[in-house]
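Asker: sequence? don't have it. structure:
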């Protein structure tokens, strides 16, 4: 699997990966207005050096994705933290270590950018995901709290 | 309490608020090199329209702070999410509703920026903080996982 920054023409495949998930499906269908919002979001991510939308490609197909956000902060001696969101591996390619490679790539990016902490939140219903991240050294030390507006 | 974007001359007071905390103290003293890193982080936040370092001021003194990060994403129909980090109210001003006002200000900023979700993580040892955020409508739906590099 090769990793690279997503291009505009990867967006449909990424949306497919994001939607192909029981919890995401539970959020309901995406409205027509959302279409424009998705493209706007892509352009904004693409233009922002503190956001990287990553794809994992295999034989010319996008089979994995995640988004990395680098956040400067005054805490911990002015440490930059990297937040990982929207991690997905295509259903038919799971169980072969691709998630592990994706996360290794992400953590390497954090080191390259000089981050001192990598963080993510995972839905408490995704117990497999929690075991997976714990096996990579992530500590479930925090409550991840969300307020939907 | 008046809320505004932090200025360069607020940084010492913000660092005081961040350090005045049992869990933060447990991370050990800040090294001399960190001093330059803190100023660099302030400049980076100040120049980034997707990051807002907020202070709450009372009688000319900084008594509360938080950092807001706005992250564009393809999930949830291209929704922008707001992440809140480094929330603090000065020890001698707690218990008077200032934390609640700070969070109300933060959530208003999320609405003004068109965010559809507000998120934060809080150390599982901070049980008062969890009750506080739950009382504001935050759901503890996620595990907050951290990897220190």
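Answerer: Happy to help now that I have it. Values in this document were obtained by computation on a predicted structure and should not be read as measured data.
Asker: Chain A: helices as residue ranges?
Answerer: A:11-19, A:22-25, A:32-47, A:75-78, A:98-112, A:127-135 (DSSP state H).
Asker: Reformat the ones you listed as a markdown table; add mean neighbour count, mean pLDDT and distance to chain B.
Answerer: Backbone N, C-alpha and C define where each C-beta goes, glycine included. Output for the helices of chain A, formatted as a markdown table (neighbours: other CB atoms under 10 Å in any protein chain shown; pLDDT from 0 to 100; distance: least, CB to the nearest CB, whole Å):
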| stretch | mean neighbour count | mean pLDDT | distance to chain B |
| --- | --- | --- | --- |
| helix A:11-19 | 18 | 93 | 5 |
| helix A:22-25 | 11 | 63 | 7 |
| helix A:32-47 | 16 | 88 | 3 |
| helix A:75-78 | 22 | 91 | 3 |
| helix A:98-112 | 17 | 98 | 6 |
| helix A:127-135 | 14 | 95 | 5 |
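Asker: Format those as CSV; extra columns: distance to residue A:54.
Answerer: Formatted as CSV, those follow (distance: least, CB to CB, whole Å):
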stretch, distance to residue A:54
helix A:11-19, 10
helix A:22-25, 18
helix A:32-47, 11
helix A:75-78, 25
helix A:98-112, 7
helix A:127-135, 17
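Asker: for those helices, which one sits closest to residue B:55?
Answerer: The closest of these to residue B:55 is helix A:75-78. By CB to CB, the value is 14.8 Å.
Asker: Might you calculate how far the closest one sits from the centre of the chain?
Answerer: With CA atoms, centre = their mean, to the nearest Å as the basis, helix A:75-78 stands 24 Å off its chain's centre.
Asker: Show me what it is packed up against.
Answerer: Using 3 or more CB pairs under 8 Å, 6 or more residues apart in numbering or on different chains; DSSP states H and E, the elements in contact with helix A:75-78 are helix B:32-47.
Asker: could you give the angle of the helix it packs on to helix B:11-19?
Answerer: If you take axes from the mean of the first three to the mean of the last three CA atoms, to 10 degrees, helix B:32-47 sits at 110 degrees to helix B:11-19.
Asker: contacts for helix B:32-47?
Answerer: A:72-74, A:77-80, B:5-6, B:8, B:11, B:15, B:30, B:51-53, B:67 (CB atoms under 8 Å, 6 or more residues apart in numbering or on different chains).
Asker: Among the residues you listed, name the buried ones.
Answerer: Using 16 or more other CB atoms under 10 Å in any protein chain shown as the burial test, the contacts of helix B:32-47 include A:72-74, A:77-80, B:6, B:11, B:15, B:30, B:51-53, B:67 as buried.
Asker: Against residue A:137, how distant is residue A:114?
Answerer: 19 Å (CB to CB, to the nearest Å).
Asker: Residue A:55 now?
Answerer: 24 Å.
Asker: which of the two has more neighbours?
Answerer: When residue A:55 and residue A:137 are compared for neighbours, residue A:55 comes out ahead with 23 against 14, by other CB atoms under 10 Å in any protein chain shown.
Asker: Could you double-check that that one sits in contact with residue A:1?
Answerer: No. Using CB atoms under 8 Å, residue A:55 makes no contact with residue A:1, being 9.6 Å away.
Asker: any common contacting residues for those two?
Answerer: residue A:64.
Asker: need the contact list for the residue nearest the centre of chain A.
Answerer: Closest to where the C-alpha atoms of chain A average out (CA atoms, centre = their mean) is residue A:66, at 2.6 Å. Contact analysis of residue A:66 by CB under 8 Å, 6+ apart lists A:54, A:84-88, A:102, A:106.
Asker: Show only the entries of the contacts of helix B:32-47 found in strands.
Answerer: Residues of these located in strands (DSSP state E): B:5, B:51-53, B:67.
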